[in-house]
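Participant: give me a model of this one.
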Amino acid sequence: MEKRRFGNTDMEVSVLGFGGAEIGYQGATEKDVAALFESALGAGLNVIDTAECYMNSEELIGNTLSHRRHEYYLFTKCGHASGMKGADWDPAMLALQIDRSLQRLKTDYVDVIHLHSCTEEILKQGAVIEVLQRAKEAGKTRYIGYSGDGKAALFAVKSGLFDSLETSVNIADQEGIDLTIPKAIEQGMGVIAKRPIANAAWRSGSLPADEYARPYYHRLQDLNYDFLNGNVSDSIARALRFTLSVPGVDTAIVGTAKPERYRENVEMAARGPLSTDDYQSIRSRWHEVAKPDWVGLT
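Facilitator: The predicted model follows:
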């Protein structure tokens with residue numbers, strides 16, 4: 001699988017990464033997760049991305065994959081109390097939470113810890129950033145980042161304090177392509193695309209049951225891309241390749257409960273970037289149709 005330099009870090013990341021949300025929210029067993037990891041790592045993925053609030057995702061990763069720690073880069077997120085004493089974004093809680101994540105993941109360090117979508121106001125106060133900086137100094141993480149969108153993400157990028165940005169990028173969510181990613185490139189930050197296929201919100205042809213995907217479904221009704229009316233597999237491939245064609249994107253996080261999907265996704269990514277004409281067609285349509293409130297979705 002193609003690998004890309006992750007900003008100014010020493011990491012060469014696979015263009016697709018394993019998303020840890022599904023295994024937590026969908027109640028996967030350790031047997032399920034072991035099969036997913038075997039498929040993902042076997043297909044060439046070397047990035048695993050999870051978070052403090054993805055139910056027991058961190059624990060599942062630690063229990064099934066910690067013995068193969070040298071085979072992948074491990075990213076997690078922090079900030080929501082998620083069962084810990086204290087409020088979200090409380091610095092004391094945050095410091096303890098980082099230790100809890102390491103315990104759950106059964107590792108001495110992660111490669112990146114991202115602040116998990118805190119507001120611009122919280123970022124400006126500085127305390128949460130200082131907690132991550134101390135964790136980096138202590139060797140608990142190699143790099144620190146911000147995960148989020150909009151003005152908060154822009155502040156994080158401009159601050160020059162972060163090594164990476166994780167942000168929403170897809171055919172129905174292009175704010176970051178103009179607002180933050182170019183500036184992240186200037187800062188030498190690694191860029192992670194989350195929600196890279198817009199939750200395949202068009203797949204069923206009707207409003208998705210998953211409320212998380214519904215805003216994208218409504219946007220795509222207005223965008224009305226021609227390629228969404230054809231073969232579903234081909235349209236998903238086109239959507240994924242669009243995200244991977246965005247200048248500055250180093251890796252795109254994909255999640256699934258089906259092991260075979262990772263090899264399918266790798267085959268889609270292997271088709272390479274979209275042609276300049278196809279890419280610009282999607283970008284032009286976005287600029288023609290996008291409404292002011294079509295901001296990046298967390």
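Participant: who does the most centrally placed residue in the chain bridge with?
Facilitator: Among the residues of the chain, Lys194 comes closest to the average C-alpha position under C-alpha atoms, centre = their mean, at 3.2 Å. Residues in a beta bridge with Lys194, per DSSP bridges, are Ser168.
Participant: mind listing the strands for the stretch 151-298 of the chain?
Facilitator: For the stretch 151-298 of the chain, applying DSSP state E, counting those that start in this stretch gives strands covering 164-168, 190-194, 251-254.
Participant: Leu96 is nearest to which of those?
Facilitator: Closest to Leu96 of those is strand 164-168 (C-beta to C-beta; 22.5 Å). Backbone N, C-alpha and C define where each C-beta goes, glycine included.
Participant: who's in contact with the residue lying closest to Ala213 once chain neighbours are set aside?
Facilitator: Distances taken as C-beta to C-beta, 6 or more residues apart in numbering put Asn199 closest to Ala213, at 3.7 Å, once the chain neighbours are dropped. Residues counted as contacts of Asn199 (C-beta atoms under 8 Å, 6 or more residues apart in numbering) are 208, 210, 212-213, 216.
Participant: now the strands of the stretch 151-298 of the chain as a markdown table including distance to Arg104 and mean pLDDT?
Facilitator: Formatted as a markdown table, these follow (distance: least, C-beta to C-beta, whole Å; pLDDT from 0 to 100):
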| stretch | distance to Arg104 | mean pLDDT |
| --- | --- | --- |
| strand 164-168 | 19 | 98 |
| strand 190-194 | 21 | 98 |
| strand 251-254 | 19 | 97 |
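Participant: including distance to Phe18, could these go into TSV?
Facilitator: Listed next are the strands of the stretch 151-298 of the chain as TSV, based on distance: least, C-beta to C-beta, whole Å:
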stretch	distance to Phe18
strand 164-168	14
strand 190-194	12
strand 251-254	7
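Participant: ok, which of these comes nearest Ile48?
Facilitator: If you check each of the strands of the stretch 151-298 of the chain against Ile48 by C-beta to C-beta, strand 251-254 wins as the nearest, at 9.3 Å.
Participant: partners of the closest one, with directions?
Facilitator: Strand 251-254 is paired, per DSSP bridges, with strand 16-19 (parallel), strand 190-194 (parallel).
Participant: any idea how far it is from the middle of the chain?
Facilitator: Distance of strand 251-254 from the chain centroid (C-alpha atoms, centre = their mean, to the nearest Å) equals 6 Å.
Participant: do the same with stretch 70-85
Facilitator: Worked out by C-alpha atoms, centre = their mean, stretch 70-85 lies 13 Å from the chain centre.
Participant: just the buried positions in that stretch, please.
Facilitator: Across stretch 70-85, burial judged by 16 or more other C-beta atoms under 10 Å covers 72-82.
Participant: okay, among the residues you listed, which ones form the most distant pair?
Facilitator: Between any two of those (C-beta to C-beta), the greatest distance is 27.4 Å, for Tyr72 and Ala81.
Participant: returning to that earlier point: and of the strands paired with strand 251-254, who's closest to Asp10?
Facilitator: Nearest to Asp10 among the strands paired with strand 251-254 is strand 190-194 (10.8 Å), distances taken as C-beta to C-beta.
Participant: and the closest one with strand 164-168, angle?
Facilitator: With axes from the mean of the first three to the mean of the last three C-alpha atoms, to 10 degrees applied, the angle from strand 190-194 to strand 164-168 works out at 20 degrees.
Participant: if you rank the contacts of Asn199 by neighbours, which is first?
Facilitator: For the contacts of Asn199, neighbours were counted using other C-beta atoms under 10 Å, and Tyr216 has the most, 25 neighbours in all.
Participant: give the contact list for Gln174.
Facilitator: Shown in contact with Gln174 (C-beta under 8 Å, 6+ apart): 283, 286, 290.
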